[in-house]
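S.K.: here is a sequence together with a model predicted from it:
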Amino acid sequence: ITGTTYDGRGYCGEICGDGIHYLSVPCDDGNNVDGDGCSADCFVEPHHRCLPGTEHFPSWCVEAEIFELSIRTQIYARALD
């Protein structure tokens, strides 16, 4: 399966940093860099929120304050419609 690795003992695990997100890690933004919201070991970093990716799109992470503001703005805009 694309985006997984086989350990030879019957276990398939997700490859962290390839941008293919299944359910075994909290995020996968397609790199192994700390400080961008999704850490090098595919965990959501402090003060960040991530939208989960799929097998076709990597996770998208932003600072929590920006994420919360975006959600509130969308809710407010819909209320005005």
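M.R.: Great, that's in hand.
S.K.: rest of the way, CA atoms for contacts and neighbours
M.R.: Noted.
S.K.: now the helices: where do they sit in the protein?
M.R.: For the chain, the helices identified by DSSP state H occupy 64-80, in order along the chain.
S.K.: chain neighbours aside, what residue packs nearest to residue 34?
M.R.: Take residue 34 and drop its neighbours on the chain: the residue closest to it by Cα to Cα, 6 or more residues apart in numbering is residue 40, 5.2 Å away.
S.K.: could you measure from the one you found over to residue 54?
M.R.: In this structure, residue 40 and residue 54 are separated by 18 Å, where distance is defined by Cα to Cα, to the nearest Å.
S.K.: name the residue in these two with the higher neighbour count.
M.R.: Neighbour comparison, residue 40 and residue 54: the larger count goes to residue 40, with 19 against 15 (by other Cα atoms under 10 Å).
S.K.: residue 14: neighbour count?
M.R.: A count of nearby residues for residue 14, using other Cα under 10 Å, gives 19.
S.K.: isn't it up against residue 28?
M.R.: No: applying Cα atoms under 8 Å, one finds residue 14 not in contact with residue 28, separated by 9.6 Å.
S.K.: now the closest residue to residue 33 other than its chain neighbours: how far from residue 61?
M.R.: Sequence neighbours aside, residue 40 is the residue nearest to residue 33 in space, at 4.8 Å (criterion: Cα to Cα, 6+ apart). In this structure, residue 40 and residue 61 are separated by 13 Å, where distance is defined by Cα to Cα.
S.K.: where in the protein is pLDDT low?
M.R.: Regions of the chain meeting the criterion pLDDT under 70 cover residues 1-12, 66-72, 75-77, 79-81.
S.K.: try it again at 90.
M.R.: Counting by pLDDT under 90, the chain contains low-confidence ranges at 1-26, 30, 32, 47, 49-81.
S.K.: related to what we said a few turns ago, residue contacts, the residue nearest to residue 33?
M.R.: Residues in contact with residue 40 (Cα atoms under 8 Å, 6 or more residues apart in numbering) are 16-17, 31-34.
S.K.: kindly report the same for residue 41.
M.R.: Under the criterion of Cα under 8 Å, 6+ apart, the neighbours of residue 41 are 16-17, 32.
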